[in-house]
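Peer 1: need a structure here:
(2 chains)
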Number of protein chains: 2
Amino acid sequence: MLAVGKELLIGRTLNTNADWIGKRLAKMGSMLKEIITTDDDLDEISSAFKSIIARRPDFLVVVGGLGPTPDDMTLKGIAKGLGVGIRKNETALKLIKEHYTKRGLTSIELTPSRLKMARLPVGSEPVMNPVGTAPGVRLVEGRTTVYCLPGVPAEMRSIFRRSVEPEVRGRLGKLHRKYVTMKLEGVFESALAPIIAEELRRHPGAYIKSHPRGIREGVSRIELDLAVVGEDRERTEDEGEAIANEMRTSVASAGGRVKSARGMGEA
Amino acid sequence: MLAVGKELLIGRTLNTNADWIGKRLAKMGSMLKEIITTDDDLDEISSAFKSIIARRPDFLVVVGGLGPTPDDMTLKGIAKGLGVGIRKNETALKLIKEHYTKRGLTSIELTPSRLKMARLPVGSEPVMNPVGTAPGVRLVEGRTTVYCLPGVPAEMRSIFRRSVEPEVRGRLGKLHRKYVTMKLEGVFESALAPIIAEELRRHPGAYIKSHPRGIREGVSRIELDLAVVGEDRERTEDEGEAIANEMRTSVASAGGRVKSARGMGEA
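Peer 2: Sure, this is the predicted structure:
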């Protein structure tokens, strides 16, 4: 993911878009591999874009900087990264006009600022924005499918659900994922470390991570996430539960206890 | 900033650390230039680290992955990126022992997991963690000063305030920053765009950015941030206020109005 916007770099806006997309992909059995957050700057955007494309991910989701204002320069930055121009796209223009018409703004003037939202990198196509004015943009570069989405959360989510998700799902095939979150008490993270290491030796594909939640009244509290991904639903579920049970036993042997366990897959 | 942790990529944890550091630097008249968020993976960490160092920033703050568990591999990743080994650091070991002693845990065993937190990249130095166990780490590579901080927010903030901030301030000299946030009504972002463009022509160093906040009862609402940075306090303040006043006039000419304006510098 490439997140564009100075507001994300100066603590003005929390990057809830990255959080939402990360969660959404994880639920589908996929994962965000990296998030780069960059400034509204042509060179920064184009060089971040190029560095991501060079690593040949399946998908790149670019969020922010599609609007009408001068600092909205994501598409220009990407065009620069691709070494192509940007050009008025008739389909995009139609989508923008329709957006205004649907809201009863039939007499609105298509000023240069509004037309800007219809100017796309050559070789890309607009993607319908059911909520706002600026269309999303889709393009393919090498083996990577790139989606550019507006930064306004409602618009980003709407286009992501409607257009990005079906394409990601189609590419993924059918992967299942089992999540368990456990709350532990009475065991230090440093005492938990060898237990996790042993568990990862037994289940090499699994993800197990501890999050220390502080010490209350002398008792260490830790949250533990574990996840297993697999093609067979039942086997994936079983492996997740086996790890959870093994962890429970080991934590008890180390003098701690599991306060609660929640299978996120069912949530 | 390099943020390390799968929890940030799967929507498990919002990156509030990036938000906090961004805000903190902005208040000092500096700025985060880029945030890379990466997985707990040796190669991912080392290649992200190398790509950042290659761009020669003044500072790099690495957050997360300093703890005792097997997935805490930030220091190993950085050592790999630097092409050096990691080695037990006596000062770090002393800090870790002191941490346990202060909490009355004098008999705690220094297991391999606990000793792991004292193993630093060769050429780096530990930085006192007033709140938690794992010390921070400071090193210099080329023109870049690198700080590695734990991901637990209280620990990160404590080390940042105590050690990182004084060094950043020392390097910055005395820059002043004037912020204004305005709430606008009755003007579309596409109508605001040429007004902002004109203002940026008049004040080339300024930062002006609009954030659309939706349309309520047919009235478009926008938040506008503006910032000016300068060496002279009074001139910086004056320029910020001049821009705010010019924006007020232009927004009125476009049929909108400024509902409120707040000088963030005073907040």
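Peer 1: Kindly report the residues of the stretch 101-250 of chain A close to chain B.
Peer 2: By Cβ under 8 Å from any Cβ of the partner chain, the residues of the stretch 101-250 of chain A that approach chain B are A:111-114, A:116-117, A:132-133, A:152, A:154, A:189-194, A:196-197, A:200, A:207-212, A:214, A:225. (Each C-beta comes from the backbone N, C-alpha and C, glycine too.)
Peer 1: Other residues contacting the strand ranked longest in chain A?
Peer 2: The strand of greatest length in chain A, counted in residues with DSSP state E as the criterion, is given as strand A:219-230. When contacts are taken as Cβ atoms under 8 Å, 6 or more residues apart in numbering or on different chains, the neighbours of strand A:219-230 outside the stretch itself are A:26, A:29, A:175-189, A:192, A:203, A:205-215, A:236, A:239-240, A:243-244, A:247, A:256, B:7, B:12.
Peer 1: immediately after that strand, which helix or strand?
Peer 2: Using DSSP states H and E, the next helix or strand after strand A:219-230 towards the C-terminus is helix A:233-253.
Peer 1: Downstream of that next one, the next helix or strand is which one?
Peer 2: As assigned by DSSP H and E, the chain's next helix or strand after helix A:233-253 is strand A:257-262.
Peer 1: Drop anything exposed from the contacts of strand A:219-230.
Peer 2: Buried by 16 or more other Cβ atoms under 10 Å in any protein chain shown: A:26, A:29, A:176-182, A:184-189, A:192, A:203, A:206-212, A:236, A:239-240, A:243-244, A:247, A:256, B:7, B:12, out of the contacts of strand A:219-230.
Peer 1: Can you get me a residue count around A:K88?
Peer 2: 11 (other Cβ atoms under 10 Å in any protein chain shown).
Peer 1: Which pLDDT value belongs to it?
Peer 2: pLDDT for A:K88: 95.
Peer 1: can you confirm A:P212 is in a strand?
Peer 2: Yes - using DSSP: H, G, I helix; E, B strand; the rest coil, the assignment for A:P212 is a strand.
Peer 1: which residues of chain A score low on pLDDT?
Peer 2: Screening chain A residue by residue with the criterion pLDDT under 70, one finds the ranges A:264-267.
Peer 1: which residues in it form helices?
Peer 2: Secondary structure of chain A (DSSP state H): helices at A:16-27, A:42-54, A:74-82, A:90-102, A:112-116, A:153-159, A:165-172, A:189-202, A:233-253.
Peer 1: Of those, which stretch is the most buried?
Peer 2: Most buried of those by mean neighbour count (mean count of other Cβ atoms under 10 Å in any protein chain shown) is helix A:74-82; its value is a mean of 24.
Peer 1: right, and A:I208 touches A:I196 too?
Peer 2: Yes - using Cβ atoms under 8 Å, A:I208 is in contact with A:I196, at 5.1 Å.
Peer 1: what do those two both touch?
Peer 2: Contacts common to A:I208 and A:I196, judged by Cβ under 8 Å, 6+ apart, are B:D71.
Peer 1: re earlier: in a markdown table, list the helices of chain A along with distance to B:K76.
Peer 2: A markdown table is the format used below for these (distance: least, Cβ to Cβ, whole Å):
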| stretch | distance to B:K76 |
| --- | --- |
| helix A:16-27 | 24 |
| helix A:42-54 | 23 |
| helix A:74-82 | 32 |
| helix A:90-102 | 47 |
| helix A:112-116 | 46 |
| helix A:153-159 | 35 |
| helix A:165-172 | 31 |
| helix A:189-202 | 14 |
| helix A:233-253 | 24 |
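Peer 1: Figure out which of those helices is closest to B:L75.
Peer 2: Distance to B:L75, taken as Cβ to Cβ, is lowest for helix A:189-202 among those, at 14.6 Å.
Peer 1: which helices and strands sit right next to the closest one?
Peer 2: Under the contact criterion of 3 or more Cβ pairs under 8 Å, 6 or more residues apart in numbering or on different chains; DSSP states H and E, helix A:189-202 touches strand A:207-216, strand A:219-230, helix A:233-253, helix B:112-116.
Peer 1: Point me to the residue of the stretch 151-267 of chain A nearest chain B.
Peer 2: When distances are taken as Cβ to the nearest Cβ, the stretch 151-267 of chain A approaches chain B most closely through A:A193, which lies 3.6 Å from it.
Peer 1: In space, what's closest to that residue - neighbours in sequence excluded?
Peer 2: Closest residue to A:A193 apart from its sequence neighbours, by Cβ to Cβ, 6 or more residues apart in numbering or on different chains: B:S113 at 3.6 Å.
Peer 1: swap in A:V229?
Peer 2: Nearest residue to A:V229 in three dimensions, chain neighbours excluded: A:R177, at 5.0 Å (Cβ to Cβ, 6+ apart).
Peer 1: What are the neighbouring residues in contact with A:E231?
Peer 2: Residues in contact with A:E231, defined by Cβ under 8 Å, 6+ apart, are A:G173, A:K174, A:L175, A:H176.
Peer 1: count of neighbours near the closest residue to A:Y100 other than its chain neighbours?
Peer 2: With Cβ to Cβ, 6+ apart as the criterion, A:Y100 has its nearest non-adjacent residue at 4.8 Å, and that residue is A:I108. Applying other Cβ under 10 Å, we find 17 residues neighbouring A:I108.
Peer 1: rewinding a little: can I get the helices and strands packed on helix A:189-202 in a markdown table including distance to A:S124?
Peer 2: Conversion of the helices and strands packed on helix A:189-202 to a markdown table gives the following (distance: least, Cβ to Cβ, whole Å):
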| stretch | distance to A:S124 |
| --- | --- |
| strand A:207-216 | 35 |
| strand A:219-230 | 32 |
| helix A:233-253 | 37 |
| helix B:112-116 | 47 |
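Peer 1: quick one: which of the ones you listed is nearest A:R161?
Peer 2: Of all the helices and strands packed on helix A:189-202, it is strand A:219-230 that lies closest to A:R161, at 22.0 Å by Cβ to Cβ.
Peer 1: Pull out the buried residues from the closest one.
Peer 2: Along strand A:219-230, these residues count as buried under the neighbour rule (16+ other Cβ under 10 Å): A:S220, A:R221, A:I222, A:E223, A:L224, A:D225, A:L226, A:A227, A:V228, A:V229, A:G230.
Peer 1: what do you get for stretch A:115-131?
Peer 2: Per 16+ other Cβ under 10 Å, stretch A:115-131 contains these buried residues: A:K116, A:M117, A:A118, A:R119, A:L120, A:P121, A:S124, A:P126, A:V127, A:M128, A:N129, A:V131.
Peer 1: Of those residues, which pair is most distant in space?
Peer 2: Top of the distance list for the buried residues of stretch A:115-131 (Cβ to Cβ): A:P121 and A:V131, 22.6 Å.
Peer 1: Spit out the contact partners of the residue nearest to A:P121 when sequence neighbours are not counted.
Peer 2: Of all residues not flanking A:P121 in the chain, A:A79 sits nearest, at 3.9 Å (Cβ to Cβ, 6+ apart). Taking Cβ under 8 Å, 6+ apart as the definition of contact, the neighbours of A:A79 are A:G85, A:I86, A:P121, A:V122.
Peer 1: measure the third one to B:A26 for me?
Peer 2: For A:P121, the distance to B:A26 under the criterion Cβ to Cβ, to the nearest Å works out to 31 Å.
Peer 1: Residue ranges of each domain in chain A, please.
Peer 2: For chain A, automatic domain parsing gives the domain ranges A:2-172, A:176-266.
Peer 1: what separates stretch A:39-54 from the chain centre, distance-wise?
Peer 2: On the basis of Cα atoms, centre = their mean, to the nearest Å, the separation between the geometric centre of stretch A:39-54 and that of its chain is 18 Å.
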